[in-house]
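Asks: Sequence first, predicted coordinates after that:
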Amino acid sequence: MSTDPQTRCTAFDGQRRIAAGPLSEVAPLVRAELDARPNASVLIFADDDSRRLDVDLRGTVAEVAARVAPQEKGPGRPKLGVVPREVTLLPRHWEWLSAQTGGASVALRRLVEAARKDPRELARAARDSAYRFTALMAGNAPGFEEATRALYAGDRAGFEANTAAWPPDVREHALAIAAPGLGDLS
């Protein structure tokens with residue numbers, strides 16, 4: 001799976017943050033870190049959902065930079081990234097969708113976009129992202145279970161208190177990605 005060079009990400013060597021920014025800038029810095037410290041244990045996380053990015057770091061810094069550089073757009077229509085999939089609905093749902101302006105596809109896209117902007121959905125996604133990151137980076141750290149409970153309760157003070165003993169870079173990143181999910185859960 002290819003990753004967009006503009007994907008915002010953060011790279012860690014163990015529990016030390018080594019780079020953050022667009023993948024096109026982070027990947028060469030990670031290659032340089034691996035050149036300086038061949039035994040480094042580097043992980044790169046997408047900032048939006050904390051998924052681990054699998055980046056081809058073989059070769060020199062220049063080769064890595066060339067592989068992850070944004071590609072020039074040529075003439076023609078832009079790729080929209082449309083992916084056809086099957087959706088199973090009841091007949092009344094299809095009737096409603098077909099009556100919408102623009103048809104079923106436009107109506108479904110509009111509904112999905114509205115749901116993605118819902119503050120409750122944004123908070124849930126932030127909590128899940130923070131959990132994905134902390135489970136990998138601080139799963140054995142003191143206060144991890146308590147921090148997880150506080151995270152899913154939306155308890156900012158509890159999350160901050162239970163992550164206080166964690167390595168500073170891991171703690172700061174966890175707090176940053178959890179922030180939209182900490183607070184009012186209504």
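Replies: Cool, the structure landed. Residues are numbered from 1 along each chain as shown.

Asks: Break this protein into its domains for me.
Replies: The chain resolves into domains spanning 8-68, 119-181 when parsed by automatic domain parsing.

Asks: for the shortest one, what is the average pLDDT?
Replies: Think domain 8-68. The predicted model gives domain 8-68 an average pLDDT of 95.

Asks: Just the endpoints, please. Distance across that domain?
Replies: One end of domain 8-68 sits 13 Å from the other (Cα to Cα, to the nearest Å).

Asks: Going along the chain, name the strands of the protein.
Replies: With DSSP state E applied, the chain shows strands at 8-13, 16-22, 42-46, listed in chain order.

Asks: what number of residues lie near the nearest residue to residue 27 once chain neighbours are set aside?
Replies: The shortest distance from residue 27 to any non-neighbouring residue, by Cβ to Cβ, 6 or more residues apart in numbering, is to residue 68 (4.4 Å). (C-beta placed from N, C-alpha, C; glycine too.) Here the number of neighbours of residue 68 (other Cβ atoms under 10 Å) works out to 23.

Asks: tilt between the longest helix along the chain and strand 8-13?
Replies: Within the chain, and with DSSP state H defining each element, the longest helix by residue count is helix 119-138. With axes from the mean of the first three to the mean of the last three Cα atoms, to 10 degrees applied, the angle from helix 119-138 to strand 8-13 works out at 20 degrees.

Asks: Which other helices and strands does helix 119-138 contact?
Replies: When contacts are defined as 3 or more Cβ pairs under 8 Å, 6 or more residues apart in numbering; DSSP states H and E, helix 119-138 sits against strand 42-46, helix 144-153, helix 168-178.
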